[in-house]
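here's my sequence, what's the structure:
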Amino acid sequence: MNIQPSLIETLSSLIETPSISSTLTEIDMSNLPVIHKLAGWFENLGFHCDIMPLEEPGKANLIATLGQGSGGLVLAGHTDTVPCDESLWKSSPFQLYEANNRLYGLGTCDMKGFFALIIEAVKEYLATPLTSPLIILATADEESSMNGARALVKAGKPKARFAVIGEPTGMNPVYMHKGIMMERIRIIGQSGHSSNPSLGRNAMETAHKVISEILNYRQELTSRYNNPGFTLPTPTLNLGCIHGGDNPNRICGHCDLDFDVRLMPGMDSQAIRTEISNRLLPIAEKDQVDLSVIELTPSIEPFSGQKESDLVKTCEKLTGYSAKTVAFTTEAPFFSKMGMDTVVLGPGHIEQAHQPDEFLPLDAINPTIKLLKGLIKQYCL
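The predicted structure follows:
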C-alpha cells in the first residue's frame with residue numbers, strides 16, 4: 001500500500017510540477033503530469049478515477065468519484081496556472097516556500113492548494129459509507145480557453161446536484177460573477193511611402209477613430225446596465241493592447257486592437273459583438289479600409305446563481321460569511337449549465353492570484369479543511 005503524502009508534501013509536489021496554460025503556444029504546457037499525480041493520490045484513497053483527454057494534445061480533465069448513486073457533491077478546481085516572470089519572484093515560483101506564515105508558490109491559492117486541502121478533508125470519511133457520491137473534478141486550461149470545462153458540458157458529466165469551485169474568494173461564498181468576452185478589431189488598410197499619404201490608407205488613423213467610438217460605446221454600456229449586487233455595478237470595457245505598422249516612414253497598412261468586456265448577467269456576448277461591428281462599419285467605409293471584429297477566445301457568459309439556494313445558505317452557515325458577487329470569471333457558468341447548484345468558494349484572495357510571490361496563508365488551511373468536511377457531511381453522508 002502506498003503511503004499518502006502529507007498536506008505540505010502534496011502541495012509541494014503540485015507546485016513543483018509546472019502546468020502553465022496560455023494562448024501563446026510557445027509557453028503553453030501540458031497538464032497531464034498534474035492530472036496523473038492527482039489520480040494516483042485519489043486512487044490510493046479509494047476513488048474511481050476517470051481521466052478525460054481533451055481534443056488538445058497533452059490536456060485532460062480528471063473526474064475522481066468516491067461512492068455511488070445520484071446527486072452528490074462536486075469539489076472542483078483547475079490544474080493549470082497563469083504564466084509567470086521568475087525574475088520578479090523572491091524565490092522560485094516552482095518550489096513551495098514557507099515564510100511570514102504563508103506558503104509561497106505559483107498556484108498555491110490559484111488553485112493547486114485547493115486539491116491538497118481536499119485530500120486532507122476526505123481522509124476522515126474513507127471508512128464511512130456515503131449516501132451520495134463525492135466527486136473531485138480537476139480541469140484543464142481554465143486560465144486560457146476553459147476548454148476543460150467546455151468538454152465537460154459537451155460530455156454531460158459529471159452529474160451531481162451541488163458544486164463548489166475552490167477559487168480564492170477569502171472563504172466568502174460567491175453566487176454571482178461577471179462574464180468575459182475578449183475581442184480583436186482588425187483593420188487592413190494600404191501601406192505606402194509616408195511622403196505622400198494619398199498613396200495608402202492608414203490603418204492606425206482608422207484605429208484612432210475606432211478607439212473613440214469604442215469609448216463612446218463603453219459609456220453607453222454603463223448607462224444601460226446596472227446591477228447594485230456588484231461592487232462595480234456596471235460592465236467594463238478595457239482596451240488591452242494595440243499593434244500596427246512596421247516602420248515610421250511607411251503608411252500603416254495593418255492594425256489590431258484587442259479589448260475585453262466584462263459582461264453583467266443579462267448581457268449576451270454575441271449581441272455586444274454585433275453592436276460593436278455595426279458601429280464601426282461606417283468608419284471603415286468612410287476610410288476605405290477592411291475592418292473585422294474577431295473573437296479571440298469563446299466568450300464566458302456571466303454566472304448568476306440563486307442567493308437563497310440550499311448550497312449558498314449551507315456555505316454561509318459553515319463559513320460565517322454572507323454570499324457576495326465578484327468581477328472575476330470562473331468555470332461556474334459551465335457547472336450551472338449542467339444543472340448543478342454552484343458556489344465559488346475557496347482559501348486565499350484574488351489579489352494574490354496572477355501576481356509574483358503568490359501565496360496561501362497558513363491560517364486559511366484549517367478553516368478550509370473544516371469547511372470541506374462540513375460540505376461532505378452535509379451532502380454525501
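
can you tell me the strand partners of the strand or helix carrying Leu75 and which way each runs?
Applying DSSP states H and E as the criterion places Leu75 in strand 73-78. Within its sheet, and counting by DSSP bridges, strand 73-78 is paired with strand 134-139 (parallel), strand 162-165 (parallel).

gap between the shortest one and the chain center?
This points to strand 162-165. On the basis of C-alpha atoms, centre = their mean, to the nearest Å, the separation between the geometric centre of strand 162-165 and that of its chain is 15 Å.

equivalent analysis for stretch 292-300, please.
In terms of C-alpha atoms, centre = their mean, the centre of stretch 292-300 is set 16 Å apart from its chain centre.

hmm, who's touching it?
With C-beta atoms under 8 Å, 6 or more residues apart in numbering as the contact definition, stretch 292-300 has outside contacts at 23, 144-146, 150, 179-186, 258, 263, 269-270, 273, 276-277, 280, 329, 333. In short, each C-beta sits where N, CA and C put it, glycine included.

just the residues you listed: which are in strands?
For the contacts of stretch 292-300, membership in strands holds for Gly179, Ile180, Met181, Met182, Glu183, Arg184, Ile185, Arg186, Asp258, Leu263, with DSSP state E as the criterion.

thinking again about what came up before, only C-alpha atoms, please: export the strand holding Leu75 in CSV.
What follows is the C-alpha trace of strand 73-78 in CSV, where atoms were taken according to Å, rounded to 0.1, in the frame of the first residue of the first chain:
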residue,chain,number,x,y,z
LEU,A,73,-21.2,16.9,-4.3
VAL,A,74,-18.5,18.1,-6.7
LEU,A,75,-15.4,19.8,-5.3
ALA,A,76,-13.8,21.4,-8.4
GLY,A,77,-10.6,23.2,-9.3
HIS,A,78,-8.3,23.8,-12.3
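
centre of the chain to it, how far?
Averaged over its C-alpha atoms, strand 73-78 has a centre that lies 13 Å from its chain's centre (C-alpha atoms, centre = their mean).

likewise for stretch 212-231?
Stretch 212-231 has its average C-alpha position 23 Å from the chain's average C-alpha position, going by C-alpha atoms, centre = their mean.

same thing with stretch 165-176?
The gap between where stretch 165-176 is centred and where its chain is centred comes out at 13 Å by C-alpha atoms, centre = their mean.

okay, the strands paired with strand 73-78 in a markdown table with distance to Val34 and mean neighbour count next?
Formatted as a markdown table, the entries for those read as follows, by distance: least, C-beta to C-beta, whole Å; neighbours: other C-beta atoms under 10 Å:
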| stretch | distance to Val34 | mean neighbour count |
| --- | --- | --- |
| strand 134-139 | 8 | 27 |
| strand 162-165 | 17 | 27 |
